[in-house]
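> Sequence isn't available, so here's the structure alone:
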């Protein structure tokens, strides 16, 4: 009955982390719904396998709820494991050979092996060591882990999706640098992600006001429901109300555990699903959503129709051509886009379309599923590439004839100010140049050009500059 509703896609979308709101979160939630459902695994006649799991990367500024999305997905997925990139090694993610007390070697599976059939959530993906990140290449595409250690040679299954969250190189997204400079990830790992969302913390008064109201509402509502008789304290006593609520939360931990056990009961799940299916209002709770996702993944294996395949083919060819033309126009013939558009992205569109059909338990992918998959791909991966091209376009404007003389003056100032072998603070250098009448954006652009030429070396995440030639 729930799958028959026409708005089942919207119901599942608003059920994903309902406490997180904002215009930028809508498409991320829809992508996470597709990720939870996954596509259809295929076995070819020659024995090769095509993965059906969808990998998603959330790349952006701090305080944009990336980690909260990861925590929610790890709880909602039938099999979910959450790990942090800083505390994860190649052996911890894939597999390791351990020696027991008798001197015998045995194999222990890592996070991606234990999450077989589920989702691995990797936070702080950019903090992982490059050699550890390379170790999961095979697991993300072939969905196997090959081990040849201590006389043990075997292949383990790791049919799991990867949801990763990362920060840009400089902590926050730098508009003066291209996407390839902001993303400190190799193209080999980027091409394995089906959807890449660039999450920006845009400073707008209306948006900030809306987020503040929502956050305050969440805090006040939670503290109010925990207070005596279910009433929240207001006015000048709101701070005391929060304090008393936090104390009650600690005292009522046993009641919360009992409430969670009741919500996980089959009767509570059936009641929640029936209420949402009948009225179309409210959200599915985590146990109900986990049950629905598990049912859809086990019972439905949608296939691609001929019409949908033709639409996907023409759309992919057009995307490749548009990216090539845009890159050629902004960066020249030898340049490449920051996020590659390859056949893997075509397979990603197929998987996303299949997951949308699986949401409503449909055995065939429709054209509207393909259109929605194309829209999600445009607002995620294609939007990140468009940001890169717009940044390069802005840089080319700075190189116009009107600004050429000013840039030459700024470059002469920097070469006279920076002695070969000396290290200076970048911020103080720009402030000194601004005091002498040089434009801030021009100085930032000239420093970037000199760094690309190899004249200066950036250290300490770009805070220090050293003149090397």
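Yep, that arrived. Treat the numbers as computed from the prediction; the structure is a model and nothing was measured.
> CA atoms for contacts and neighbours, from now on please.
Fine.
> show me what contacts residue 83?
For residue 83, the contacting residues are 120, 121, 122, 123, taking CA atoms under 8 Å, 6 or more residues apart in numbering as the criterion.
> from the residues you listed, which ones fall inside strands?
By the criterion of DSSP state E, membership of those in strands covers 120, 121, 122, 123.
> nearest spatial neighbour of the last one, skipping sequence neighbours?
This points to residue 123. The shortest distance from residue 123 to any residue other than its chain neighbours is 4.6 Å, reached at residue 84 (CA to CA, 6 or more residues apart in numbering).
> Can you show me the strands along the stretch 201-350 of the chain?
Counting by DSSP state E, counting those that start in this stretch, one finds strands in the stretch 201-350 of the chain at the ranges 303-304.
> So, low pLDDT: which residues of it?
222-263, 327, 329-338 (pLDDT under 70).
> try 90
Along the stretch 201-350 of the chain, the parts satisfying pLDDT under 90 run over 201-293, 295-300, 303-309, 313, 315-345.
> Please, where are all the helices along it?
Secondary structure of the stretch 201-350 of the chain (DSSP state H, counting those that start in this stretch): helices at 205-226, 238-251, 253-263, 266-279, 286-299, 306-331, 343-359.
> So for residue 428, which of those helices sits nearest?
Ranking those by proximity to residue 428 (CA to CA) places helix 205-226 first, at 29.9 Å.
> so what does the closest one touch, helix or strand wise?
Under the contact criterion of 3 or more CA pairs under 8 Å, 6 or more residues apart in numbering; DSSP states H and E, the helices and strands touching helix 205-226 comprise helix 238-251.
> Which of the residues in stretch 362-372 are classified as buried?
By neighbour count, with 16 or more other CA atoms under 10 Å as the criterion, the buried positions of stretch 362-372 are 362, 364, 365, 366, 367, 369, 370, 371, 372.
> How about the contacts made by the fourth one?
Remark: with contacts taken as CA under 8 Å, 6+ apart, residue 366 is in contact with 304, 305, 308, 357.
> again, but for the fifth one
Residue 367 is in contact with 307, 308, 311, counting by CA under 8 Å, 6+ apart.
> and if we set it to 6 Å?
Under the criterion of CA atoms under 6 Å, 6 or more residues apart in numbering, the contact list for residue 367 reads residue 308.
> Next: the second one.
By CA under 6 Å, 6+ apart, the contact set of residue 364 is 302, 303.
> Put the buried members of the contacts of residue 366 into a ChimeraX selection.
Filtering these down to the buried ones (16+ other CA under 10 Å) takes a single ChimeraX command:
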select :304,308,357
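> circling back to that earlier point, against residue 60, how distant is the residue nearest to residue 123?
For residue 84, the distance to residue 60 under the criterion CA to CA, to the nearest Å works out to 16 Å.
> same deal with residue 269?
Separation of residue 269 from residue 60 (CA to CA) stands at 35 Å.
> and if you look at residue 436?
Separation of residue 436 from residue 60 (CA to CA) stands at 35 Å.
> got it, and residue 24?
Residue 24 sits 12 Å away from residue 60, going by CA to CA.
> quick one: which of those two has more around it?
residue 60 (24 against 14; other CA atoms under 10 Å).
> Residue 155 in helix, strand or coil?
With DSSP: H, G, I helix; E, B strand; the rest coil as the basis, residue 155 sits in strand.
> For it, the count of nearby residues, please.
Each residue near residue 155 was counted by other CA under 10 Å, and the total is 11.
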